[in-house]
Each structure stands twice: as structure tokens, then as C-alpha cells.
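J.: Prediction below, plus the sequence it came from.
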Amino acid sequence: MDEPNPFKRFGQSSVYIVGTAVVGIGLPTWLLLASKSVRKVINTHGVISFGAFLVVTVTALLWIDRLIASRHEARRERDALKAELAASQKELEAPSARDIALFKQFEEEFPSAGGPLEYLRESFNGKQWRLEALEELDAFQESWRYGRTFDDLEIEAARKALWTAADDFTTMLSNEGDLVNDEPPVARLIEARLRHGGQQEWEDVRRRLLDSAKTVIKAHEELVLVGRKRRL
């Protein structure tokens, strides 16, 4: 660990200020008011006396600096311990019965295995997509819009992130896709020849669709992870 810089902390600590004043002002004042023999020594050996004074001053300042550094280190360790205890206490808090029931409902309606997540992971290519494979995603985006919120702030933040990701994705599918088949319903990315930006625009939109799908998958995984950590 680097040695603390006394000049950086100078003026930030009352102890440092008082110590500097005592050493820098008190010591020379005492020497000036000392006995005649001391003044005689100073007059006779001025350089030596000044050197001794300088050594004493620097030593005292370094000692004060180390004292302040140890106080700061102790305060940092205390703050870190408080933060760790607060995090541990939060993890030990029992989830509410409402959150347990709501999380169970979420896993039933939007499971990790199968359904739209499996389709997004394994089959979605951003060019063409089966609408029926994404029905559960549409249902989540609609039914979890209002009212279904968790009491636990951490998992509620994860729910909002997933809902936002799902809403962004489904909105993009709706805006950028054309229905090309009714039975089964299939949509595809609007062709490049119909876009003002041509092929480049088509490729950019496809890339954004793929990134949006990955965001949905990641947000779902995060919500499930938080739920497990909160023992829901």
C-alpha cells in the first residue's frame, strides 16, 4: 500500500492542523524563551540547532501523519464492516408470502425452459419469426404491465428490467416486421428494398433485434437468479 501523502490531507484534519501549529510555532517559541545557556548554544551552533529543529519538526509531522492515516484506515474498515453486515442482514430477511406466490406465478407463466426463451436462444435469427412461439412473451408484457409488483426492492428492480426488455423487443418486432403467413402466423423483417436505407438499414435493424432478444434472455436469467438468492 502506498504511503499516505501528508500534503493531500493537510488542512483536512484538525489534529494535523493543531499538531503542525504546536511543532511549527510552539517549539521555536520555546527555544527563543529558553535560558540564556540555550540561546548561547543556538547563537554559537546556529546551523546545528536549526538542523536539530528541522529533524524534530519532520519527525513530529510524520508521526502525526501516521496517526491520521491509521485513523482513516480504521474508519474505512469500520464502514466496510457496516456495509457487509447490512448486506448480510438483507439476505437473511425472510421474503413476504406475497412475493413467494408472485414469483411462483412468474415461473409458471414465463418459465426458463421451453417457451419463448428457448425459441429466442435456439431459433430466432432476426430475419423471420413464428408469432406463436412468442405468445408467452407477449402475455408477460401485457399482464405484468401493472399491478404485479414485488415487495422486495431488488427483485422488483429485476422485474422492471425484464418487462422493459420484453416491451422494447415486442415493440421492435411489431414495427419492423411484416406478416407473411397466417397459418401458422409468421412474420419477417421488412425487406431491404422497401427501406429508405436499403440493405444497410436492414442489417442494422436485424442486429438490433438480435441484441434485444439477448437482453430479454439476460434479464430473465437475472430475475430468476435474484429470486433464488432471495429464497422465493
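T.: Sure thing, it's come through.

J.: okay, CA-based contacts and neighbour counts for the rest of this
T.: Noted.

J.: what's the first-to-last distance across stretch 181-191?
T.: End-to-end distance for stretch 181-191: 15 Å, by Cα to Cα, to the nearest Å.

J.: How far away from the center of its chain is that stretch?
T.: 41 Å (Cα atoms, centre = their mean, to the nearest Å).

J.: could you give the mean pLDDT of it?
T.: On average, the pLDDT along stretch 181-191 is 91.

J.: Equivalent analysis for stretch 112-125, please.
T.: Here stretch 112-125 scores 94 as its mean pLDDT.

J.: okay, how far is it across that stretch, tip to tip?
T.: Start to finish, the residues bounding stretch 112-125 are 19 Å apart (Cα to Cα).

J.: Just the buried residues of it, please?
T.: The neighbour-count check on stretch 112-125 (16 or more other Cα atoms under 10 Å) flags 115-117, 119-120, 124 as buried.

J.: Could you dump those residues into JSON lines with distance to Ser212 and secondary structure added?
T.: Converted to JSON lines, the buried residues of stretch 112-125 look like this (distance: Cα to Cα, whole Å; DSSP: H, G, I helix; E, B strand; the rest coil):
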{"residue": "Gly115", "distance to Ser212": "17", "secondary structure": "helix"}
{"residue": "Pro116", "distance to Ser212": "14", "secondary structure": "helix"}
{"residue": "Leu117", "distance to Ser212": "13", "secondary structure": "helix"}
{"residue": "Tyr119", "distance to Ser212": "14", "secondary structure": "helix"}
{"residue": "Leu120", "distance to Ser212": "10", "secondary structure": "helix"}
{"residue": "Phe124", "distance to Ser212": "11", "secondary structure": "coil"}
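
J.: Among these, list the two that are farthest apart in space.
T.: For these, the maximum inter-member distance is 12.3 Å, found between Gly115 and Phe124 (Cα to Cα).

J.: Ala213 against Phe169, yeah?
T.: Yes: with contact defined as Cα atoms under 8 Å, Ala213 counts as touching Phe169 (6.6 Å).

J.: how much space between Lys229 and Arg195?
T.: In terms of Cα to Cα, Lys229 sits 46 Å off from Arg195.

J.: how about a markdown table for the buried residues of stretch 112-125, with distance to Arg66 added?
T.: Putting these into a markdown table (distance: Cα to Cα, whole Å) gives the following:
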| residue | distance to Arg66 |
| --- | --- |
| Gly115 | 62 |
| Pro116 | 61 |
| Leu117 | 58 |
| Tyr119 | 62 |
| Leu120 | 59 |
| Phe124 | 62 |
